[in-house]
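J.: my questions concern the predicted model and sequence given below.
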Protein chains: 2
Amino acid sequence: MCLVPADSSLVLELGGSIGPVNVEFETYGSLSPCRDNAVLIAHALSGDAHVAGWDRHAAQTGRTWRERKPGWWDAIVGPGKAIDTNRLFVICPNVLGGCSGTTGPSSTDPLTGRPYGLRFPMVTVGDWVNLHMRLVDALGIERLQAVVGGSLGGQQALEMALAHPDRVERSVVLAASARLSVQGLAFNAVGRYCILHDPSFANGDYYDDKGPGAGLAAARMLAHITYLSDEGMHEKFGRRLQDGANGRQAGFGIEFAVESYLDYQGRAFVERFDANSYLYITRAMDYYDAAAAWGGGSLTEACRRICAKMLVVSFDSDWLYPPDVCKELALALTQANRPVTYANVPSHYGHDSFLVETEKVGRLLRGFLAR
Amino acid sequence: MCLVPADSSLVLELGGSIGPVNVEFETYGSLSPCRDNAVLIAHALSGDAHVAGWDRHAAQTGRTWRERKPGWWDAIVGPGKAIDTNRLFVICPNVLGGCSGTTGPSSTDPLTGRPYGLRFPMVTVGDWVNLHMRLVDALGIERLQAVVGGSLGGQQALEMALAHPDRVERSVVLAASARLSVQGLAFNAVGRYCILHDPSFANGDYYDDKGPGAGLAAARMLAHITYLSDEGMHEKFGRRLQDGANGRQAGFGIEFAVESYLDYQGRAFVERFDANSYLYITRAMDYYDAAAAWGGGSLTEACRRICAKMLVVSFDSDWLYPPDVCKELALALTQANRPVTYANVPSHYGHDSFLVETEKVGRLLRGFLAR
């Protein structure tokens, strides 16, 4: 959907503006006659609008990777599921700066007729929320029954409750907090370094060429380690050797099972994701700081703005957004006298738990959305 | 010192052999008349033989980076210090496969007259220990009063107690354990991926050219994150912006202080370290598994070989060799009825604590070496 037409532009938080802007989104279920059953789901770094079901439009759009698997949260979203599309109208938009349909660095810059590349403006979590509220407007919805997201999507869920207190009834923040840790900043910096220093990056103008596949793969492999936990990796791979490896002759090839896994993750990501989008989206993740933006540095002050009922969920082996920082958000909400439920879910799946622990997460969502 | 002359060769654990082999080492203090006061210090991944003092030979060797700072453990090793060179004779050799004097992939292969590059054979912690025992032999020392090391050096200290039980009186294992975690394997794999996929790597034959600086820098930046703790990084950098940055215009350049720090660490490392050595040494770290090598998979069985008094020290914010796995080693030693002292040091410095917490580590070493 073209949300910002060619004769207009969207003003951006860090300066500059962009237009036209198309937003790719999917919806599930039906909007009720009084338009009060809408739930917006915000995706994480590498997610997209295809949150549930098998993509019916895969053949038309040519996005064949979508045909291979169901939506990224199919176990949670659907008829009779925790986010029940028999009852709720689900909207899932792809973020500005991404590469899965919404305008991003690989889109054509109307000024040059060529892909934006690094001429694309910097975008923020706040920009995403503003744009997605325009989508909500365009769908004729005044109030969202809920906004739900994990990781970077959780930051959007929080930001939406902060930026539009009167339009969000409930907000669910999974495996996320009010800002990224310094360690998280550092991992993102190394990932971007790998992309920026891949000679095929060509200052972002690689769309006619092969592009920085090795750099993007390295960034993804690295990020993947932060999505898992050491105990989870230990259970899944241990120090097991890859089939065929004998522990003596592989040299620097793939020897351990965990190396094979990371290699596969890197390759698969390069097929479906744009390196420039990776730069823009990780930067947005870095910059997000709810306390600085809304509370002059105090998260409690920031939280006073919120009217939504909040659900904050952490996962005990998540070390990217560890329980402590999620608890900090829950505590700030409590101190600001806002209604909040906080749950810490036991899991070995690390940060990925919000995607993997569908039964435990589903139960929490079902209860929270039913109230 | 040429420990393996040109007409001989050193047989290696993973197959193959190498010769001639030079070993770079430094000594401090004087060997006692009855040759019973020798302490061998094993360096970690990026360390070298220059463990203490200011290098007197810097000008001759041309290794100007050495002139810039004292030895890497100068606060621990020296006259009157915890490892007291008024009393002890300290030996610190550089590892085989390294790039700081001992034969490694940048050395000339006598068969071709050119640097070995990837024709260098795979080396292991066991090979290092064997070679260093030859050095101990050459110095006319029958028994070491102690072997001491942190991180990969700690694995050497453990391996020396296992491989030469009759020749090691005490062994000090700091911030290390009997094997690397799966998460550690994964980080090493990504670091090597960055080097191997840098187009300037040229399959390891880059010595006439600029070499894979970007890949090596990325590997180092990544590794550096694992050497610190999130809490330590939070204290040191927080989300502070780099001087001159305003949080709005840096794009993908250096914006946060932590990015500047990592960038510096990457650059500095490329100046002083060889990418091929990084590959070989991290692989040795991956492969080390004391339980598999000496106990048929049981660490307790392996530990029964040990005669040395053991000191195992972990640091509570170290997540590369976390306290739990160090405690596992101490427990196995106890179960094998070997004399062991285990200490967990409170610190925010993460894995680097063994280098940084010199007062606390010094106190432990002083007590243990005095017994």
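T.: Ah, there it is. Residues are numbered from 1 along each chain as shown, chains lettered A, B, ... in the order given.

J.: pull out the buried positions in stretch A:209-218.
T.: For stretch A:209-218, burial by neighbour count (16 or more other C-beta atoms under 10 Å in any protein chain shown) applies to A:Gly211, A:Pro212, A:Gly213, A:Ala214, A:Gly215, A:Leu216, A:Ala217, A:Ala218. Glycine gets a C-beta too; all of them are placed from N, C-alpha and C.

J.: filter those residues by proximity to chain B?
T.: Contacts with chain B within the buried residues of stretch A:209-218, counted by C-beta under 8 Å from any C-beta of the partner chain: A:Ala214, A:Ala217, A:Ala218.

J.: wait, which of the residues you listed is closest to chain B?
T.: Proximity of these to chain B, judged by C-beta to the nearest C-beta, is greatest for A:Ala214, which lies at 3.9 Å.

J.: tell me how far stretch A:296-315 lies from the chain's centre.
T.: Chain-centre distance of stretch A:296-315: 19 Å, with C-alpha atoms, centre = their mean, to the nearest Å.

J.: could you do stretch A:179-191 as well?
T.: The answer for stretch A:179-191 is 15 Å, by C-alpha atoms, centre = their mean.

J.: one step back: which one of the buried residues of stretch A:209-218 is nearest to A:Gln156?
T.: A:Leu216 (23.1 Å; C-beta to C-beta).

J.: how about the secondary structure of A:Ile225?
T.: With DSSP: H, G, I helix; E, B strand; the rest coil as the basis, A:Ile225 sits in helix.

J.: ok, it - contacts?
T.: Going by C-beta atoms under 8 Å, 6 or more residues apart in numbering or on different chains, A:Ile225 touches A:Leu262, B:Gln183, B:Ala186, B:Phe187, B:Val190.

J.: let's see that with 6 Å instead.
T.: Going by C-beta atoms under 6 Å, 6 or more residues apart in numbering or on different chains, A:Ile225 touches B:Ala186.

J.: what's the first helix or strand after the lowest-mean-pLDDT helix or strand in chain A?
T.: Least confident helix or strand, chain A: helix A:58-61 with a mean of 51, by mean pLDDT, DSSP states H and E. Sequence-wise, the next helix or strand downstream of helix A:58-61 (DSSP states H and E) is strand A:77-78.

J.: for the record, mean pLDDT for that next one?
T.: On average, the pLDDT along strand A:77-78 is 96.

J.: and if you look at stretch A:109-128?
T.: Rounded mean pLDDT across stretch A:109-128 is 97.

J.: and for the closest residue in space to A:Ser17 that isn't next to it in sequence, the neighbour number?
T.: Once flanking residues are discounted, A:Ser17 sits nearest to A:Ser9: 4.1 Å by C-beta to C-beta, 6 or more residues apart in numbering or on different chains. By other C-beta atoms under 10 Å in any protein chain shown, 14 other residues sit near A:Ser9.

J.: cool, and A:Lys69?
T.: Neighbour count of A:Lys69, defined by other C-beta under 10 Å: 11.

J.: what's the answer for A:Leu96, then?
T.: Considering only other C-beta under 10 Å, A:Leu96 is surrounded by 29 other residues.

J.: so what's the closest residue in space to A:Met1 that isn't next to it in sequence up against?
T.: Distances taken as C-beta to C-beta, 6+ apart place A:Val23 nearest to A:Met1, at 5.5 Å, with adjacent residues excluded. Shown in contact with A:Val23 (C-beta under 6 Å, 6+ apart): A:Met1, A:Leu3, A:Pro93, A:Thr102, A:Leu135.

J.: show the pLDDT at A:Val23.
T.: 97.
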